[in-house]
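# Below are the sequence and a predicted model; questions follow.
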Amino acid sequence: MTDQANAKFTPRVFSGIQPSGNLTLGNYLGALKRFAQKQDEGIETIYCLVDLHAITVWQEPEALKRQTREAAAAFIVSGVDPAKSILFNQSQVSAHAEMAWLLNCVARIGWMYRMTQFKDKTQGKNAENSSLGLLAYPSLMAADILTYHATMVPVGEDQKQHLELTRDIAAKFNHDYGTEFFPIPTPLIEGAATRVMSLKDGTKKMSKSDPSDASRINLTDSADTIAKKFRKAVTDPEPLPESVDGLEARAEARNLVNIYAALADSTPADVIAEFGGKGFGVFKPALADLAVSKLEPISREMARLMADPAEIDRILGEGAARARAIAQPILEQALDLMGMVRSR
Ligand code: AMP
Ligand code: TRP
């Protein structure tokens, strides 16, 4: 089945974020900001805090609860409106775990071992000693998406391989059961910031799990911290080039230009038109000012929402109820297609 065959499905966006720690500027530009844009385009949008994914590596239980609420707050202040989008945490909708089991029986073990995220997370460690959940992680992700018959999945570049696997699982299910039950979802990897890099190493992704806090901007960082981190960001000593091509072999410079463009809702070419030929002594403070002006209201609003955790829990509960209403019938049909007796 090709993407065209998705025509019979309602256009529907699904995406998720792990509530496994401080959300970063990478999450904001690569995911949250775009989630709000998709919602505002008037497409049906479903956004999920994937707490079941988070526990594939150890999470301190109280911290996980706090981080889940904090991530919900980050969605809301980034413009995801719980009245327009469905916003919920994964573990409150049991269809995800049930569908994941069904897909575990469709997906092949070899597919899981090939995932670069699994390889990265077990690098230098004994892979045999990582959780079984970490290996099966992509099949739960496929379940997240397919349980809603989602057709579009906005993600950052790092999730491309998982999305390809989701498509393979959907296609294998359709083939094995002689049906066109699942759409083949399309990854949406768009914009200047699909891969925000570390401020310390332009070849590494900015990540909430990087041991160096200076490598990332956290959404909860103060204005001073944000400014300091950009000032100290690793770069080469050359001025910015006169054209975008000149960024080609300059990973760190390219990263800062991309961040500026994404924050300013412009393009790298616009940024080069303004700052080409200027040194980092000029560009970094301008970038820091822009970042502070965009991120400070976010951290301020997040703190305000976090003061009322009961309200966040209420929003997540309401989102979960709406999610269940879509997911449960699709799960029922999948069970039926696979030969499970359903007593009604
Ligand atoms: P995670 O934090 O791994 O749960 O990622 C949640 C979403 O943020 C996914 O769509 C990721 O692709 C995206 N994301 C995470 N880090 C980055 C980054 N450094 N640049 C762009 N997108 C990112
Ligand atoms: N694996 C994704 C990440 O780490 C998070 C995720 C889980 C997700 N389920 C999803 C993203 C479904 C998109 C759709 O970033």
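Ah, there it is. Numbering: from 1, shown residues only. Ligands and ions are numbered 1, 2, ... in the order given.
# Show me what counts as buried in the longest helix seen in the chain.
In the chain, assigned by DSSP state H, the helix with the most residues is helix 309-337. For helix 309-337, a neighbour-count test (16 or more other Cβ atoms under 10 Å) marks 312, 315-316, 319-320, 322-324, 326-327, 330-331, 334, 337 as buried. Placement of C-beta: from N, CA and C, glycine included.
# Count the neighbours of V257 for me.
26 (other Cβ atoms under 10 Å).
# OK, contacts around it?
Shown in contact with V257 (Cβ atoms under 8 Å, 6 or more residues apart in numbering): 240, 247, 268, 271-272, 275.
# redo that, cut-off 6 Å
268, 271 (Cβ atoms under 6 Å, 6 or more residues apart in numbering).
# Name the helix or strand for it, please.
helix 251-264 (DSSP states H and E).
# again with F35
Following DSSP H and E, one finds F35 within helix 33-40.
# now what about that helix, what contacts it?
Contacts of helix 33-40 (Cβ under 6 Å, 6+ apart): 13, 45, 47, 78-80, 84-85, 154.
# quick revisit: pLDDT added to the buried residues of helix 309-337, as CSV?
CSV is the format used below for the buried residues of helix 309-337 (pLDDT from 0 to 100):
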residue, pLDDT
I312, 98
I315, 98
L316, 98
G319, 98
A320, 98
R322, 98
A323, 98
R324, 98
I326, 98
A327, 98
I330, 98
L331, 98
A334, 98
L337, 98
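# what is the orientation angle of the helix holding F35 with helix 251-264?
Helix 33-40 and helix 251-264 are oriented at 30 degrees to each other (axes from the mean of the first three to the mean of the last three Cα atoms, to 10 degrees).
# How about helix 33-40, which residues are buried there?
Buried-residue list, helix 33-40, by 16+ other Cβ under 10 Å: 33-39.
# Can I get it as PDB, trimmed to CA atoms?
Written as PDB, here are the backbone C-alpha positions of helix 33-40 (Å, rounded to 0.1, in the frame of the first residue of the first chain):
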ATOM      1  CA  LYS A  33       6.400  24.400  18.300                       C
ATOM      2  CA  ARG A  34       5.500  22.300  15.200                       C
ATOM      3  CA  PHE A  35       2.800  20.400  17.100                       C
ATOM      4  CA  ALA A  36       1.100  23.700  17.800                       C
ATOM      5  CA  GLN A  37       1.400  24.700  14.100                       C
ATOM      6  CA  LYS A  38      -0.200  21.500  12.900                       C
ATOM      7  CA  GLN A  39      -3.100  22.000  15.300                       C
ATOM      8  CA  ASP A  40      -3.500  25.600  14.000                       C
END
